[in-house]
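Build the 3D model from these lines:
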Amino acid sequence: MDTTTLVGFLCTCLGGYFAIMNPIANTPIFISLTQGDDAATKKAVARNSLLFAFVLIAVLSFAGNFIFKLFGITQPALQITGGIIIFIIGYHMLQGSGSKVHTPSDEDIESSRKARLSVAISPLGIPILAGPGTIAVAMGYAAGFELIDVILSLLAFGVICGITYLCFLGSEEIVEHLGENGLNVITRLMGLFLAAIGMGMILSGLGADIHIFIATLS
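Numbers count the residues shown, from 1 in each chain. I've put the predicted structure just below:
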């Protein structure tokens, strides 16, 4: 790929990860999960949850090729499936509600208060930061089976993890300034962006499948 293509792909990854992780809209959840904790504990939870999410996404991205071959998964099939998941999450966000596959239950939040630092793994690490939607986006970006795709995807994910970390540390100030209405607007905008990304992945996968089908006939 030339430089322009690489930069374009990197920007796409940044936009996709920012929309699916939605750092600003996730700050109220972080506040709820760390309520009553001191500043040091909150910082540790934020750091550990993001490190866990990054390692998980990195492993899945690099192991993606092996996993696909092991289970006979084709690139178009992955794009279509991932696109459907991302589109559904985006649709729910557009309606002003979180998707059940990407949002912790009340029971998860309540139990996590008792666990303190373990909240960094679940539900904050999974499913909030590295949920099915994030995994689908990462696998979709790595579906080209090219090392440069994986590296750029992880670079973008690392940048968004850094932004999320800053948002978590300043979570109370962000929520105070934006208010509930501001957070709802951001969530809906990210939902629209995700729905568009999901539809693009679906159409790309369908196009590749049709191309393969036509090639087998000729």
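
Residue 50 contacts residue 161, correct?
Yes - using CB atoms under 8 Å, residue 50 is in contact with residue 161, at 4.6 Å. Any C-beta I mention is one placed from the backbone N, CA and C, and that applies to glycine too.

so what's in contact with those two at the same time?
Residues touching both residue 50 and residue 161 (CB atoms under 8 Å, 6 or more residues apart in numbering) are residue 129.

Just give me the neighbour total for the closest residue in space to residue 96 that isn't next to it in sequence.
Excluding the flanking residues, the one nearest residue 96 by CB to CB, 6 or more residues apart in numbering is residue 184, at 5.9 Å. By the criterion of other CB atoms under 10 Å, residue 184 has 14 neighbours.

What's the separation between residue 184 and residue 123?
Distance of residue 184 to residue 123, computed by CB to CB, to the nearest Å: 21 Å.

separation between residue 209 and residue 76?
4 Å.

Counting neighbours, go ahead and name the busier of those two.
Neighbour comparison, residue 209 and residue 76: the larger count goes to residue 76, with 19 against 16 (by other CB under 10 Å).

what sits against that one?
Here residue 76 is in contact with 204-206, 208-209, 212 (criterion: CB under 8 Å, 6+ apart).

what residue ranges in the protein score low on pLDDT?
The model of the chain has pLDDT under 70 over residues 1, 97-117, 144-145, 218.

Where do the helices of it begin and end?
Under the criterion DSSP state H, the chain contains helices at 3-21, 23-33, 39-71, 75-94, 106-115, 132-141, 147-169, 171-217.

relative orientation of the second one and helix 147-169 in degrees?
With axes from the mean of the first three to the mean of the last three CA atoms, to 10 degrees defining the directions, helix 23-33 sits at 50 degrees from helix 147-169.

For helix 23-33, which outside residues touch it?
45-46, 104, 109, 112-113, 119, 123-124, 128-129, 160, 163-164, 167-168, 171-172, 174-175, 178, 183, 186-187, 190.

same thing but at 7 Å, please
109, 112, 119, 124, 128, 163-164, 167-168, 171-172, 174-175, 183, 186-187, 190 (CB atoms under 7 Å, 6 or more residues apart in numbering).
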